[in-house]
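In: Take a look and give me a structure for this.
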Amino acid sequence: MKRISLLSGLLALLLSLPAQAAAPAALSYQGFLTDSVGNPVTGTWTVTFGLYAAPSGGQALFQESLDVTTDKGLFSVYLGTPDNPLPVASFETGQLFLALTVETDDGPVALTPRQQVVSDPYALYAQDSAQLGGEESSAYVLLQQLPDLCITPEALPDVLAELGI
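Out: Now for the predicted structure:
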């Protein structure tokens, strides 16, 4: 009887777990803008952000222009919107570079060099989520498989008889 209680308790626990939310489809970026002699600037600037597969050259995998307000050079933005999503599949390559171009009174100025996009420590930890307790996720029962694995009230007498209970 303990075995049946344990199975039904485990099933109740599995069914009560909240659905996992998807990771936000935005990239947070903070920067520091200066003038041509290195003085921090304050104001609003149109900045075009681009993601590339190489440190120089190539075609942009993603591009977004934002009006950025700086305070003593500092600014913070989120890249990626539902209308202009980040190319999530491009992150699987392990090498992306961020380019910034600032619109000035004298025309666009490309900031160099491009900055490599790197992992957040929690993203590295989450990468391990493909293994659950050291086991591949395929070793676990999927929610869709539960109807075939659950004991129905009609089948309970037969299962108990097989267990000798």
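
In: distance from the centroid: which residue in this structure tops it?
Out: Using CA atoms, centre = their mean, the residue of the chain lying farthest from its centre is residue 164. It sits 49.8 Å away.

In: which residues of this protein score low on pLDDT?
Out: Scanning the chain for pLDDT under 70 picks out the ranges 1-24, 122, 124-134, 143, 146-149.

In: in it, which spans are helices?
Out: Using DSSP state H, the helices of the chain run over 2-16, 121-126, 146-149, 156-163.

In: List the residues that contact the nearest residue to residue 43 once chain neighbours are set aside.
Out: Spatially, and ignoring its direct neighbours in sequence, residue 43 is nearest to residue 70 (6.2 Å; CB to CB, 6 or more residues apart in numbering). The way it works is simple: take the backbone N, C-alpha and C, and place the C-beta from them, glycine included. Residues counted as contacts of residue 70 (CB atoms under 8 Å, 6 or more residues apart in numbering) are 33, 40, 41, 42, 43, 44, 45.

In: how about 10 Å then?
Out: Taking CB atoms under 10 Å, 6 or more residues apart in numbering, we find residue 70 in contact with 31, 32, 33, 34, 40, 41, 42, 43, 44, 45, 47, 76.

In: between those, which has the most around it?
Out: The most crowded member of these, judged by other CB atoms under 10 Å, is residue 47 (22 neighbours).

In: Was I right to think residue 115 contacts residue 32?
Out: No - contact criterion CB atoms under 10 Å: residue 115 and residue 32 do not qualify, at 11.9 Å.

In: What count of nearby residues applies to the residue nearest to residue 62 when sequence neighbours are not counted?
Out: Nearest non-adjacent residue to residue 62, counting by CB to CB, 6+ apart: residue 51, 4.2 Å away. If you count neighbours by other CB under 10 Å, residue 51 ends up with 22.

In: go on, residue 96?
Out: If you count neighbours by other CB under 10 Å, residue 96 ends up with 21.

In: got the contact list for residue 44?
Out: 67, 68, 69, 70, 75.

In: One more pass at 8 Å, please.
Out: Each residue near residue 44 by CB under 8 Å, 6+ apart is listed here: 67, 68, 69, 70.

In: What residues are bridge-paired with it?
Out: As for beta bridges, residue 44 partners with residue 69 under DSSP bridges.

In: got the contact list for residue 117?
Out: Residue 117 is in contact with 27, 51, 91, 96, 97, 98, counting by CB under 8 Å, 6+ apart.

In: Return the member of those residues nearest to residue 123.
Out: residue 91 (9.4 Å; CB to CB).
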